[in-house]
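Asker: fold the following, please.
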Amino acid sequence: MSPPPTINGCHRHNNKPCVSKPPAVPDIFLTAFSLLFLFSSPKAHQNRTLLPRCLSSPPKHRRFLRISTMSLTNSHFPTPQALSDWLKPRLPSDSFASWGVKPGTKNVHNLWLELSEGETCLADSSPPLRTVNVVTVRIIGKNNRFLVESRQELSDGSVRDRFRPLSEKMKPDENPEEAAIRAVKEELGSIINLGLEDGEVVKIVPGSYQKKMEERNSVSYPGLPACYVLHSLDAWVEGLPEGEFCTEEGEEYKDANGSRALHKAVTVRKHYWKWVSPS
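Answerer: Prediction:
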């Protein structure tokens, strides 16, 4: 059924045109007078100024979505206890309680030492983000096999599987080649005679340097997300055994006056190595 015809936009009912009546003259004057009174009122003028401000202001709850990305170093935490107090409310309680207790993990003292050496920085966020630069050295042997660390024995007696090339946290202002040579010296130095100052024992493969970033939860510090900036390169190292072997590592950090209580940190005592094929 088609709608009734319209005249000037009005429907026509019972063959009678629908004509809109103009407003009565008194109504027009009454409306104009009301508007004049409203906008000339001081209170109304005040509301007019406040209304746009209220609409342009963002909701207050958005302030809590802002996350500071300021990097924190050891200078913010004079003691391991200060670092622990800062971390506790920012991490899951069960994860934080497992540090240094769960086999293969490290403790707050380790993280504090990393901060003091400039190897790690923390983002001031909840949870904090740990950022660390790591050099990875793929040592090439005979028949194009390369060396991997199969497992580590820690100072607390626990063992953790690795199966990765030699890797080490970088020091501040250290370039990848310098870090690679230092890593070989620290982790393989107990089994080979290193003349690292002339570069005859460790030779970096030209053009092998690559850099990438990975974000994942830290194995050493459960519940703490980490951003790893990986600097990888290949190298030849003279004097390594052809079969599986084990090396011992000295103290990772120095403590001239005994104030850093290194015995409280979980450190690597032995490295176990094996050669694997590229496949």
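
Asker: tell me how far Leu267 lies from Glu119.
Answerer: In this structure residue 267 is Thr, not Leu. 14 Å (CB to CB, to the nearest Å). Where C-beta positions appear, they are placed from N, C-alpha and C, glycine not excepted.

Asker: what's Trp112 in contact with, if anything?
Answerer: 74, 77, 79-80, 83 (CB atoms under 8 Å, 6 or more residues apart in numbering).

Asker: turn those residues into a markdown table, columns for neighbour count and pLDDT.
Answerer: As requested, these are arranged in a markdown table below (neighbours: other CB atoms under 10 Å; pLDDT from 0 to 100):
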| residue | neighbour count | pLDDT |
| --- | --- | --- |
| Asn74 | 19 | 63 |
| Phe77 | 21 | 93 |
| Thr79 | 11 | 93 |
| Pro80 | 21 | 95 |
| Leu83 | 20 | 96 |
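
Asker: out of these, which comes closest to Glu248?
Answerer: The nearest member of these to Glu248, counting by CB to CB, is Pro80 at 26.0 Å.

Asker: that closest one against Val108, yeah?
Answerer: Yes - Pro80 is within contact range of Val108, at 5.2 Å (criterion: CB atoms under 8 Å).

Asker: where along the protein do the strands fall?
Answerer: 6-7, 10-11, 71-72, 120-123, 130-139, 146-154, 159-164, 166-169, 202-204, 210-217, 225-237, 245-248, 268-276 (DSSP state E).

Asker: out of these, which comes closest to Leu91?
Answerer: Nearest of those (CB to CB): strand 225-237, 9.9 Å.

Asker: shaky segments in the stretch 1-150 of the chain?
Answerer: Along the stretch 1-150 of the chain, the model assigns pLDDT under 70 to residues 1-70, 73-74.

Asker: do that again at 80, thanks
Answerer: Applying pLDDT under 80 to the stretch 1-150 of the chain picks out residues 1-75.

Asker: for it, which segments count as helices?
Answerer: For the stretch 1-150 of the chain, the helices defined by DSSP state H, counting those that start in this stretch occupy 25-40, 42-56, 80-87, 93-97, 108-117.

Asker: now the residue positioned nearest the centre of the chain: closest residue in space that isn't a chain neighbour?
Answerer: By CA atoms, centre = their mean, the chain has its centre lying nearest to Leu129, at 3.6 Å. Leaving aside its sequence neighbours, Leu129 sits nearest to Ala123 (CB to CB, 6 or more residues apart in numbering; 4.1 Å).

Asker: same check, this time on Ser126
Answerer: Nearest to Ser126 is Arg90, by CB to CB, 6+ apart, at 4.6 Å.
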